[in-house]
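# structure of the sequence below:
(2 chains, ligands or ions: 2)
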Amino acid sequence: MSRFETIPSVAQGLGDVGYVADEGIAGVVFLADRLEKPVLVEGPAGTGKTQLAKSVAELTGSRLIRLQCYEGLDESKALYEWNYRKQLLRIQAEQVAEAGGAAAGTDWHALEADIFSEQFLLTRPLLEAIRADEPVVLLVDEVDRVELETEALLLEVLSEYQVSIPELGTVRATQVPMVFLTSNNTRELSEALKRRCLYLHLDYPTLEREREIVRAKVPDITGELADQVARIVRSLRSLELRKAPSVSETLDWARTLVVLGVESIDAAGARDTLHVLLKYQSDIERAARELLAAHA
Amino acid sequence: MLELLSGFVAELRAAGLPVSLTEHLDAATAVHHVPLEDREALKYALGATLVKSSSHWRAFETAFEIYFSPRGAATGAGAGGSGPGDATEGEAGAEGQPAPPGAGSLSGAGGSAEGLSAEELAQLLYRALRSGDRGLGGLAARHAVDRYAGIEPGRPVGGTYYLYRTLRHLDLDALLERLLADERAAGELTDLEDRLVADEYRARIDALRQAVEAEIRRRLVLDRGAEALARSVRKPLPEDVDVMHATRDELAALHRALRPLSRKLAVRLGRKRRHRRRGPLDFRATVRHSLSTGGVPVEPRFRHPRPAKPEIFVVADISGSVASFARFTLHLVYAISTQFSKVRSFVFVDGIDEVTQLFEQAEDPGEAVYRITTEADVVWVDGHSDYGHALTEFDRRWGDEVTSRATVLLLGDARNNYHASGAWVLDGLQRQARHVYWLNPEPRQYWGSGDSIVDEYAVHCDAVVECRTLRQLEGFVATLA
Ligand SMILES: Nc1ncnc2c1ncn2[C@@H]1O[C@H](COP(=O)(O)OP(=O)(O)O)[C@@H](O)[C@H]1O
Ligand SMILES: [Mg+2]
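Ligands and ions are numbered 1, 2, ... in the order given. Presented below is the predicted three-dimensional model:
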């Protein structure tokens, strides 16, 4: 069953939960549902990749299951692992009972079956998403950080939507979850994984969209100020800075200006608050020189 | 549709995009789910299924524009027809409807066969840019193409010349000045406002330029068919552009692409050291920890390996023979130096100079490159590459500082003007350093020809890599993993 009627309804719905989408974003989310394919969202930091998955979850009334990736993430943290400490305690308890004069010796078969049962299983995000009965959105965040082996594991799960646990059997998804993988592109992902996914490149938003994002996220801001913020940010991004401001920084800046009661940004106001927007001193100086100083 | 799609996919492959059969099938399925008349939706459906790298998007867009050209729209600017496929940017609307507000005197001329006079067109253009109305912009683009492109049917061209001719007549630089002057005359602008207004007009002019290009392509599609035109406008993907022969635009794109690549390089070199995540077994910690589980060593404990910070020495030839490569390398070095805390950079021609500081102080690669080419002291005798002298000097002044943790990256074509090679320096460096790599911007078949002595150096390097394109650089970075 499809989650969305039309592409515009996706854009509308995302807008209603505070995510400003353009046609490309809405189109890919729509197709992800129709084609039952994961979406790989790639782009610079702070452009709304993670937020997109969260917002889609909110929009569809799904539970968000998040797998935060990091270097060294392995199967036991991504899929499942046996709670061996608990298993061990269980075995020891058995031994204690025996020593205390319990009748028959330990039934090791029964014990083994027991300690490899559900209650000793630690479910991790991937398995959790596969097993869920209710609608879920699975977010595999910053997938470019994991090593190739873990990426291969991901691919396997996302291709079959099933997980086999030798001691318990195969767990199949009763419904295909919506899956978002995000990447900051610090590493080229494997061709196989990319082939499996729909691809969405999230770049810095256009002037119009950024203005809307500011208005959506900073409700107290006036239209005029939001426009000015978006324009200044656009101009800053056209300079070659060490670190261009991302949408998060735009929002931080807008909030700061509102708190300070700024109605319209002038050179002095900008100079005093640029550090919210730009992280490097050299970038701040450069911005001040290019945007605020006198021109020939 | 499916046939059109097949042609389109074939074109993407010809342009170098790695489209698999699965992806082709996905695209075919995706197309069923989007409304046929929605060209934008179609574009994103195809993009999401066929393009898996942002650096390929531009090639994709070009091909899309050609294969899914809005044929329904009329050729002549005044004809006013609009097909169902022509939903883009409201161009058809602006034209098909009665005159847009304020275009009063233009509508009559727009409908006549000979189009607008030069003056009327200039007015329309001015109004389009001043108002920022995209419909009006599209209309202006069409009239401009009508009037100035001078398209000759049947010629096997990609339209670059037509674009050039049209834009030259429009003289957008002068127009920008005029728009700004009028804006300033209308009211006092602060410096900030002035800059923002200028950037806004630049964006509009950019959009107009694109509209003109799109209009020319649309007409060429009608004239020659999609396949033939696509072949004429095909360009190498950014990663395949030969750095030594790149145009200015291509270089700019390359430099942009370098940033993420250097981050990858940083991650790679960093990761390598941390690759063995676990150090040796820490017995005591294991036992101590086991007390919590009744003395059973449930969780073995490991010592954390202490990753040493990678140190990088970049030594780059910036002589004339590799001028455009040198700019590229300097951008690369800059990008690397923003990612690593311990990068030391050196540039040479026949003399050599350390430029680590210049890179650290520079605010952007452009400034770094400028300062290095003007301030670095790299000429010893005559300003022709002398690798031998440069290397010997490097060894004398900084050789001791290359430790066993260092990676040495040499960048250059090893064309030595028949001087002594100084290869013994590399021999020593290789013993001292962790790795020595050489990146050569020349095609491999020229190595060793004429005064190229790369082979003499190669024996002392862990690898010598042909590095003419971003793809090759990327390949090199990948081998580091
Ligand atoms: N299109 C958007 N609509 C609403 N908020 C957005 C949008 N894009 C980015 N944001 C906001 O910007 C911030 C950064 O977004 P995030 O998803 O964390 O970025 P990323 O995951 O790409 O690094 C968040 O506060 C998010 O709410
Ligand atoms: Mg994120």
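# what's the pLDDT at residue 33?
As the question left the chain open, I've gone with chain A. Note for A:Asp33: predicted pLDDT of 96.
# hm, I was asking about chain B
B:His33 carries a pLDDT value of 95.
# ok, now which ones touch it?
A:Phe30, A:Leu31, A:Arg34, A:Leu35, B:Ala45 (CB atoms under 8 Å, 6 or more residues apart in numbering or on different chains). Bear in mind the C-beta positions are built from the backbone N, C-alpha and C, glycine included.
# do you know how far it is from A:Asp33?
9 Å (CB to CB, to the nearest Å).
# domain parsing for the chain?
All of this refers to chain A. Domains of chain A are assigned by automatic domain parsing as A:7-74+A:125-201, A:80-121, A:207-295.
# that's the wrong chain, I meant chain B
Taken from automatic domain parsing, chain B resolves into B:2-68, B:89-233, B:248-275+B:309-477, B:281-307.
# about what we covered before: quick check: which of the domains of chain A is nearest to B:Leu237?
Smallest distance to B:Leu237 across the domains of chain A (CB to CB): 14.3 Å, for domain A:7-74+A:125-201.
# wait, what's in contact with B:Ala211?
Contacts of B:Ala211 by CB under 8 Å, 6+ apart are B:Glu89, B:Gly137, B:Gly138, B:Ala140, B:Ala141.
# what about 6 Å?
B:Gly137, B:Gly138, B:Ala141 (CB atoms under 6 Å, 6 or more residues apart in numbering or on different chains).
# out of the domains of chain B, which gets nearest to A:Asp227?
Closest approach to A:Asp227 among those (CB to CB): domain B:89-233, 9.8 Å.
# can you show me the helices along the stretch 1-150 of chain A?
A:7-16, A:23-35, A:49-60, A:75-78, A:84-99, A:108-115, A:125-131, A:148-160 (DSSP state H, counting those that start in this stretch).
# okay, those, which one's buried deepest?
Each of the helices of the stretch 1-150 of chain A was scored by mean neighbour count; the highest is helix A:23-35, a mean of 23, by mean count of other CB atoms under 10 Å in any protein chain shown.
# quick one: that helix near ligand 1?
No. Judged by CB under 6 Å from any ligand atom, helix A:23-35 stays clear of ligand 1, getting no closer than 7.5 Å.
# still on that earlier bit, JSON lines for the domains of chain B, including distance to A:Leu153?
Shown next, in JSON lines, are the domains of chain B (distance: least, CB to CB, whole Å):
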{"stretch": "domain B:2-68", "distance to A:Leu153": "20"}
{"stretch": "domain B:89-233", "distance to A:Leu153": "40"}
{"stretch": "domain B:248-275+B:309-477", "distance to A:Leu153": "19"}
{"stretch": "domain B:281-307", "distance to A:Leu153": "23"}
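# any idea which of the ones you listed scores lowest on pLDDT?
domain B:281-307 (a mean of 56).
# now name the helix or strand holding the spatially closest residue to B:His460 that is not a sequence neighbour.
Leaving out its chain neighbours, the residue that sits closest to B:His460 by CB to CB, 6 or more residues apart in numbering or on different chains is B:Leu426, at 3.7 Å. Taking DSSP states H and E as the criterion, B:Leu426 maps to helix B:423-432.
# per-residue confidence at A:Gly169?
For A:Gly169, pLDDT reads 87.
# return the residues of the stretch 1-150 of chain A in contact with chain B.
Within the stretch 1-150 of chain A, the residues that sit near chain B (CB under 6 Å from any CB of the partner chain) are A:Ile7, A:Glu23, A:Gly24, A:Gly27, A:Val28, A:Leu31, A:Arg34, A:Gly72, A:Arg85, A:Leu88, A:Gln92.
# nearest the middle, which residue of chain A would you pick?
Nearest residue to the geometric centre of chain A (CA atoms, centre = their mean): A:Thr50, 3.3 Å.
# low-scoring stretches of the stretch 101-250 of chain A, by residue?
Residues of the stretch 101-250 of chain A meeting the criterion pLDDT under 70: A:101-106.
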